[in-house]
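Peer 1: Fold the stuff below for me.
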Amino acid sequence: MLPEAGEAETSIERTAEIYVLRQAALPPASNIVPIRPGALDGLNPREPLHGPAAESVELTRSERDAFREIARALVGRTPAGRDDAWGERTELGIVAPGEPPASTNDERPGAAGADDEEVRRNASAVLDRLPIGVLIIRDARPLYANQTLLDLIGYRDFGEFVSANGLSAMFRDRDPQGMAVEDAGSVAIVRADGQILLVDGRAQAIAWDGAPATLIALRRSPEAQLQARLRAAEREATREGSASDLQIMLDRATDGAVTLDAAGRILSLNEPAERLFGYHQNEIAGESVLMLLAPQSHPEATARLEALSRAGEAEVSFRPLQAVGRDRSGGSIPLALTLARIGPSEAPSFCALVRDLTRERETERRLTAARDAAEAASAAKTDFLAQVSHEIRTPLQAILGFAEVMLEERFGPVGNERYKDYLKDIHASGSHVTSLADDLLDLSKIEAGKLELAFAAVDANNVIRECVSLMQPQAARERVIVRVSLHDRLPRVMVDERSLKQIILNLMSNAVKFNEPGGQVIVSTAVDAAGQAVIRVRDTGVGMSENEVGLALTPFGQVGKVGAKGGAGLGLPLTKALVEANKAEFSIKSRREQGTLIEIAFPNIQAAQ
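Peer 2: As a prediction, the model looks like this:
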């Protein structure tokens, strides 16, 4: 008489436990890896189950559920006289090591036919519902795989697994039977998509269709799943920490930041934006960003947001908008507004970066006012000097003319020689004032950019010879030797000829004036490595320190002994200004008691063309 379903399930569970105990009592085989290694060592199958060993062989919940399913499939279908555990295992094709497989020629009545086919079908359905992947192989060829394993490694069915050579790919071309036995426990396998999966693997020898085979049981490694969950939790915590750090950074920034949704509604504001507009983010969350802008800035901001929305995944770069913001009280705020797209393409959002331009506009206004005032002052100075020069020239010309007439004694002799000396001083002083007025006027015109220059290709050597001839009498009076060394192939220079003469005369005049009797002034020309024409004026005079050079280049600046030589302190500043106005380079090197070297380099005309 067949047992009831509940009795069969209990009997099957007990049978499974007896089977495990008997397996533990058998001599260990080299080709068997126990399901829980070491759990049944030293256990006597004939002794009752008690103590730690009994607890160690107790079936898990999933194993009990699996055997219950098998019991339901087998209840009422076990051939008479073969309801023992070994008979049930033989029907499933599982044979213990050392035990001969059951004969395929079962002589029991009803042992073959529909019952066998139904048992196999039900057993396959049960195996597919097990939480453990089952793979049966023979000679590195797959014979069976349950659906749990196929789902685990990413194949639709067993046919796809075989056609894709899934066994070789799964174990990376290693012998699966040897690897499973060798690496019992944690095993790395490869899914169909190439992903590496860490599983717990166990292997044992079975009989399949009357021939030896290997059963490999695989399940996800609990440790690997736990580690994956821990890594996911760490990533989530890191993201939350990064978001918190980012918010702190935004709150410490000087510019305001407003996050917007895809429709341009406000999601959040950082602290600078809250201070700028006078709103707390909770007050205006969900409102349009246009409420933070004055009406005249709405069209441009709306057009920019629409352009960003249409851009899709493409990068769009725009210059910041010059917009007008509106604070809580309705006041206007000049802003530099930058709109950008953030977030994933499937759920885009926007951010608005705002910079208050109030201070910049005020600074710009002040700088503009200062520049205008400086230009006005420069123009006024130029006009003043022009008027003064014009007003001075008329009486000066009369003074100089009368002094020359008296010195030449055109209308009769001068009674006293001392008067002649006075007349010479008057003429010299008048000439100096005229020269000073001209220098001031030229310097003012240069600063105002109003100096009229007539550029032309000039032979600098000829200009230097003329200037040396003019300065020779003054050098003779001061007992200073003037030497000239001119390059015979000096290229022509593009310069205003009148300015060039004034430059050379000023430099030679200073070199002679601030020299000592017996000193030398050397005027030379050369061509440098860049092909530029260079004019050098070197003297052996008193020289200057580095600080004194800076003072000497300042208008009306006079240095120590140099100041005692006379002059208004306009020679070097005017010369440097004239050089730069002619697009040349001015450099000066000087050392106390060793003299001064001044170089003027003119651009290469051929290179410029």
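
Peer 1: List of residues touching stretch 397-404?
Peer 2: Outside of stretch 397-404, the residues within contact range by CB atoms under 8 Å, 6 or more residues apart in numbering are 423-424, 426-427, 430-431, 434. Where you see a C-beta, it was placed from the backbone N, CA and C, and this is true even at glycine.

Peer 1: ok, what's across the strand from residue 266?
Peer 2: residue 260 (DSSP bridges).

Peer 1: what about residue 441, neighbour count?
Peer 2: 17 (other CB atoms under 10 Å).

Peer 1: any idea how far residue 386 is from it?
Peer 2: 6 Å (CB to CB, to the nearest Å).

Peer 1: Only the buried residues of stretch 542-556, if you could.
Peer 2: Going by neighbour count (16 or more other CB atoms under 10 Å), the buried part of stretch 542-556 is 542-544, 548-549, 551-553.

Peer 1: I meant to write stretch 188-198 there.
Peer 2: For stretch 188-198, the neighbour count (16+ other CB under 10 Å) marks 189-190, 192, 197 as buried.

Peer 1: Compute the first-to-last residue distance for it.
Peer 2: 5 Å (CA to CA, to the nearest Å).

Peer 1: Just the residues contacting that stretch, thanks.
Peer 2: Outside stretch 188-198, the residues that touch it by CB under 8 Å, 6+ apart are 152-155, 164, 166, 169-172, 186-187, 199, 218, 220-221, 223-224.

Peer 1: so what are the domain limits for the protein?
Peer 2: 1-131, 253-356, 362-447, 453-608 (automatic domain parsing).

Peer 1: what packs against the host helix or strand of residue 466?
Peer 2: If you go by DSSP states H and E, residue 466 is part of helix 460-477. Contacts defined by 3 or more CB pairs under 8 Å, 6 or more residues apart in numbering; DSSP states H and E place helix 460-477 against strand 481-485, helix 497-513, strand 520-527, strand 533-539.

Peer 1: Could you tell me the angle between the helix or strand hosting residue 435 and helix 497-513?
Peer 2: Residue 435 is part of helix 417-448, with elements assigned from DSSP H and E. Relative orientation of helix 417-448 and helix 497-513, computed by axes from the mean of the first three to the mean of the last three CA atoms, to 10 degrees: 130 degrees.

Peer 1: Now helix 417-448: buried residues?
Peer 2: Buried-residue list, helix 417-448, by 16+ other CB under 10 Å: 423, 426-427, 430, 433-434, 437-447.

Peer 1: ok, now which ones touch the closest residue to residue 276 other than its chain neighbours?
Peer 2: In space, and not counting its chain neighbours, residue 276 is closest to residue 256: 4.9 Å by CB to CB, 6 or more residues apart in numbering. By CB under 8 Å, 6+ apart, the residues touching residue 256 are 269-270, 272-274, 276-277, 353-356.

Peer 1: And residue 575, by the same measure?
Peer 2: Counting by CB under 8 Å, 6+ apart, residue 575 has contacts 502-503, 506-507, 586.

Peer 1: ok, so of these, who is nearest residue 332?
Peer 2: For the contacts of residue 575, the residue nearest residue 332 by CB to CB is residue 586; the value is 49.2 Å.

Peer 1: Scan this protein for its longest helix.
Peer 2: Ranked by number of residues, the top helix in the chain under DSSP state H is helix 358-408.

Peer 1: Okay, angle between that one and helix 417-448 too, please.
Peer 2: Angle of helix 358-408 versus helix 417-448, following the same axes, to 10 degrees, is 160 degrees.

Peer 1: pLDDT (mean, whole number) over helix 358-408?
Peer 2: In this model, helix 358-408 has a mean pLDDT of 83.

Peer 1: same deal with stretch 147-161?
Peer 2: The average pLDDT for stretch 147-161 rounds to 90.

Peer 1: Figure out the length between the terminal residues of that stretch.
Peer 2: Length of stretch 147-161, first residue to last, CA to CA: 11 Å.

Peer 1: That one: which residues count as buried?
Peer 2: Applying a neighbour-count criterion of 16+ other CB under 10 Å, one finds 147-150, 152-155, 158, 161 buried in stretch 147-161.

Peer 1: for stretch 393-413, same thing?
Peer 2: Quick answer for stretch 393-413 (16+ other CB under 10 Å): 396, 399-400, 403, 406.

Peer 1: Report the beta-bridge partners for residue 591.
Peer 2: residue 595.

Peer 1: How much space separates it from residue 118?
Peer 2: 116 Å.

Peer 1: next one: residue 571
Peer 2: 122 Å.

Peer 1: Which of these two has more residues huddled nearby?
Peer 2: A direct count of neighbours by other CB under 10 Å for residue 571 and residue 118 places residue 571 higher, at 18 against 13.

Peer 1: my guess is the more buried one contacts residue 509, does it?
Peer 2: Yes: in terms of CB atoms under 8 Å, residue 571 counts as a neighbour of residue 509; the distance is 6.9 Å.

Peer 1: can you pull out the helices in the stretch 201-350 of the chain?
Peer 2: Per DSSP state H, counting those that start in this stretch, the stretch 201-350 of the chain carries helices over the ranges 222-252, 271-277, 281-284, 298-310.

Peer 1: Moving C-terminal from the strand or helix carrying residue 126, which element do we reach first?
Peer 2: If you go by DSSP H and E, residue 126 is part of helix 114-129. Later in the chain than helix 114-129, the nearest helix or strand by DSSP H and E is strand 133-138.

Peer 1: and the next helix-or-strand element following that following strand, what other elements does it pack with?
Peer 2: Sequence-wise, the next helix or strand downstream of strand 133-138 (DSSP H and E) is strand 141-145. When contacts are defined as 3+ CB pairs under 8 Å, 6+ apart, strand 141-145 sits against strand 133-138, helix 158-163, helix 166-170.

Peer 1: Just put these in TSV and tack on distance to residue 301.
Peer 2: Converted to TSV, these look like this (distance: least, CB to CB, whole Å):
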stretch	distance to residue 301
strand 133-138	59
helix 158-163	56
helix 166-170	56
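
Peer 1: Out of the ones you listed, which gets nearest to residue 375?
Peer 2: Closest approach to residue 375 among those (CB to CB): helix 166-170, 81.4 Å.

Peer 1: what is the rounded mean pLDDT of the closest one?
Peer 2: Mean predicted confidence for helix 166-170 is 86.

Peer 1: For that helix, list every residue counted as buried.
Peer 2: By 16+ other CB under 10 Å, the buried positions in helix 166-170 come out as 166-167, 169-170.

Peer 1: Kindly report the same for stretch 465-481.
Peer 2: Applying 16+ other CB under 10 Å to stretch 465-481 flags 467-468, 471, 475, 480 as buried.

Peer 1: Can you list the low-confidence ranges for the protein?
Peer 2: 1-117, 119-120, 173, 176-186, 222-253, 311-318, 345-346, 448, 556-569, 606-609 (pLDDT under 70).

Peer 1: Many thanks, we can stop here.
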